[in-house]
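1. could you work out the structure for the sequence below:
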Amino acid sequence: MAAHEHFHLWNVKRLRPIVLGPFDYDNENYTTNLWIAEGFTAYYQDIIVRRTQLYTPENYLNVLVDNINQLENIPGAKVQTLSQSSYDAWIKAYRPNENSVNTGISYYTKGAIVALMLDLEIINDSKGKSSLDDVMKYMYNEYYQTKKRGYTDAEFKRGLEKFAGKNLDDFYNKYINGLTQVPYDKYLAYAGYKTTNTLADNNESALGITQIPLIPRVIVATVQRGSAAWIDGINVNDEIVAIDNKPLPETGNIIADKKPGDKIEVTVIRDGLTMVIPVTLLKDTKVKYKIEDLPNPSVEQLAVRKKWLTLK
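-> Got it, this is the predicted structure:
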């Protein structure tokens, strides 16, 4: 996306983690701050398009909630912290495998969400006088222009605290260096919004696999951590050929007529051998949020919304 790369002219090209410049082109460059370098850039790519009026507020909120849904449907969000996802980029993000969804997250996606949280927090607590923009401007002036070097982890945190007006140890411990689930409604409420999970009442069953695309056979590409397939032993590269001794439908959900708790027999071909695996189906845990107005948002909430979304 052009907006993403354009913002990199400032964030990373000039303002960047100290270990990323000057680069050592003979070795891998490790940093825990790609959530700033790439995640904040991913946040700004969308909010900038909103500021230009190329996105309506509704368009922007739809893009935002897509990011939220992406993060919340990744099992790895309960396993890998945001700072770890950055540091492990060379050994994990750049070398994905069939289990990556279970063990890791994208520092682009969660980094953008953390940027959102910080932006709304700063706007709310400063009563609209400051925003994440002010942090980025300060860091650019202080480290790129004045000190002519990159920033350390601690220096960026102090830059955030300068405009947040408070210590951010707890925030870092929970959302950057920890695995606490993001309380989306807390932060969106600053701007008079809330999330609603449109699948909350869903009672469909799930096997917990994805299949290799564009192949007219059901060959398992991934097995989701904690799913029925994960618990009962279906493996990546298994070819599923029947459910309860019945051939699979040519299209659609292969367990469409089943409910959570149902016990089924899954016939697979594994390494050339046919085997039958008993599986107890579980409820589909997928979430699909939408962002809605809070009823009767306050004057203060609407002021934060106006500042955040550049409303006229």
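
2. may I see the buried residues of the helix or strand where residue 6 lies?
-> Using DSSP states H and E, residue 6 maps to helix 2-7. For helix 2-7, a neighbour-count test (16 or more other CB atoms under 10 Å) marks 3-4, 7 as buried. No exception for glycine: its C-beta is placed from N, CA and C like everyone else's.

3. same deal with stretch 178-192?
-> 182, 184, 187-192.

4. widest-spaced pair of those?
-> Taking CB to CB as the measure, the buried residues of stretch 178-192 span a maximum distance of 18.4 Å, between 182 and 192.

5. ok, and the closest non-adjacent residue to residue 46?
-> residue 63 (5.1 Å; CB to CB, 6 or more residues apart in numbering).

6. where's the one you found, which helix or strand?
-> Using DSSP H and E, residue 63 sits in helix 57-72.

7. and that helix, what other elements does it pack with?
-> helix 41-51, helix 107-125, strand 193-197, strand 289-293 (3 or more CB pairs under 8 Å, 6 or more residues apart in numbering; DSSP states H and E).

8. how about the helices of the stretch 101-250 of the chain, start to end?
-> Secondary structure of the stretch 101-250 of the chain by DSSP state H, counting those that start in this stretch: the helices cover 107-125, 132-139, 153-164, 169-171, 184-189, 228-232.

9. can you find the helix or strand of this protein with the lowest average pLDDT?
-> Lowest by mean pLDDT, DSSP states H and E among the helices and strands of the chain is strand 246-247, with a mean of 91.

10. paired strands for it, with orientation please.
-> Strand 246-247 has the following strand partners under DSSP bridges: strand 239-243 (antiparallel).

11. for the partner strand, buried residues please.
-> 239-240, 242-243.

12. tabulate the residues you listed (CSV), appending pLDDT.
-> Output for the buried residues of strand 239-243, formatted as CSV (pLDDT from 0 to 100):
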residue, pLDDT
239, 97
240, 97
242, 95
243, 96
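
13. quick revisit: could you point out which element follows the helix holding residue 6?
-> Counting by DSSP H and E, what follows helix 2-7 is helix 34.

14. can you list contacts of that next one?
-> With contact meaning CB atoms under 8 Å, 6 or more residues apart in numbering, helix 34 is reached by 17, 85-86, 89, 107, 111.

15. cool, stretch 130-143 as well?
-> Under CB under 8 Å, 6+ apart, the answer for stretch 130-143 is 10-11, 14-15, 40, 43, 115, 118-119, 122-123, 149-151, 155-156, 159-160, 162-163, 307-308.

16. tell me the domain ranges of this protein?
-> 2-199+288-309, 205-283 (automatic domain parsing).

17. okay, those domains, which one's buried deepest?
-> Comparing these by mean neighbour count (mean count of other CB atoms under 10 Å), domain 2-199+288-309 ranks first with a mean of 17.

18. and residue 125, how far from residue 298?
-> 15 Å (CB to CB, to the nearest Å).

19. these two touch, right, the residue nearest to residue 46 and residue 55?
-> Yes: contact criterion CB atoms under 8 Å: residue 63 and residue 55 qualify, at 7.1 Å.

20. let me know the pLDDT of residue 254.
-> Note for residue 254: predicted pLDDT of 89.

21. my bad, should have said residue 28
-> Reported pLDDT for residue 28: 86.
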